[in-house]
Structure formats: C-alpha cells, structure tokens
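take a look and give me a structure for this.
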Amino acid sequence: LLTDPVLPCGQILAEHLSLPSVFFLRGMPCGLDFEATQCPSPPSYTPKMFTEHTDRMNFLQRVKNVIFDIPNYFLCDFAFSPYAKLASEFLQRDVTMSDLLRQASIWLMRLDFVLDYPRPLMPNIIVIGGVNCAHKQ
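Numbering: from 1, shown residues only. Sure thing, here's the model as predicted:
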C-alpha cells in the first residue's frame, strides 16, 4: 500500500489488512520519521530547521538547537494523538504512532543533500531525488 505517513489512515488500513506499506514523503513534522525508522538524530548534533546552524556548531549553538527541539515533542503528541486513538480503537489494541510507522516496509524519502545535511539512513530507506532535476535538451 503506497501511502503518506503524515496522515496515517493508510497505514492503519495496511496494518488491519496485513499488507506491506510503502511511505513516500519529504519529511515528517517533529522528527517522527527519525524515531520510527530508528535513525540516529541527536538534537545536540543534527541542525534543526529555522536555527540556521550548520553541522559545525559551538556549544551555545548546540544548546539553542536542543531548545528548538523541545516543543516538537509536545506538538507531535497534540497533532497525532487523534490518529493514535483511532488506530487503537480500529485495531483493538494499544498503538502509538511510532509503533504504527515502524511497520513500514520501505520508506521512499525525497531527500536532497543540497538542501538537507547528510545523515545515517536505515536499510529500508531509499533516497529518491528529483527536487532540482531538469531534462537536458
């Protein structure tokens, strides 16, 4: 089942029907994609959006980076709690969003290392580009 994990209704259906799922996305809010795929992403070393930091930060920039990451935990719980509740009711067992997203067979990530910093990826993540590709004449 090809689905977008930002709205996890497709993944809930795939889990219910025992179908393999393929995610196609650019990135998820609050770093839920890092957590679900178990990719390392320590907030003191990975530059966060809107901080304008590079991968070479001094101590104060690392602290600022961690502070920018704290609201993500609360926003993520607030945004995805209705889906976790829906999945728990529909699948008739306790399900968190991370548990639901971990069931993906393949993640097709539209990452471009011109825009994003290189990061470790798990074997089930396939990087597909195309953000800045054009046909040559």
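
and the pLDDT at S88?
pLDDT for S88: 94.

how far is the helix or strand hosting it from where the chain is centred?
Assigned by DSSP states H and E, S88 belongs to helix 59-91. Helix 59-91 sits 11 Å away from the centroid of its parent chain (CA atoms, centre = their mean, to the nearest Å).

next SSE after that helix?
For helix 59-91, the following helix or strand on the C-terminal side (DSSP H and E) is helix 97-101.

which other helices and strands contact the lowest-mean-pLDDT helix or strand in the chain?
The least trusted helix or strand in the chain, going by mean pLDDT, DSSP states H and E, turns out to be helix 32-37, with a mean of 84. Helices and strands touching helix 32-37, by 3 or more CB pairs under 8 Å, 6 or more residues apart in numbering; DSSP states H and E, are helix 97-101, strand 106-109. Where you see a C-beta, it was placed from the backbone N, CA and C, and this is true even at glycine.

quick one: buried residues of the helix holding S88?
By neighbour count on 16 or more other CB atoms under 10 Å, the buried set for helix 59-91 is Q61, R62, N65, F68, D69, C76, F80, Y83, A84, A87.

all good on my end, thank you.
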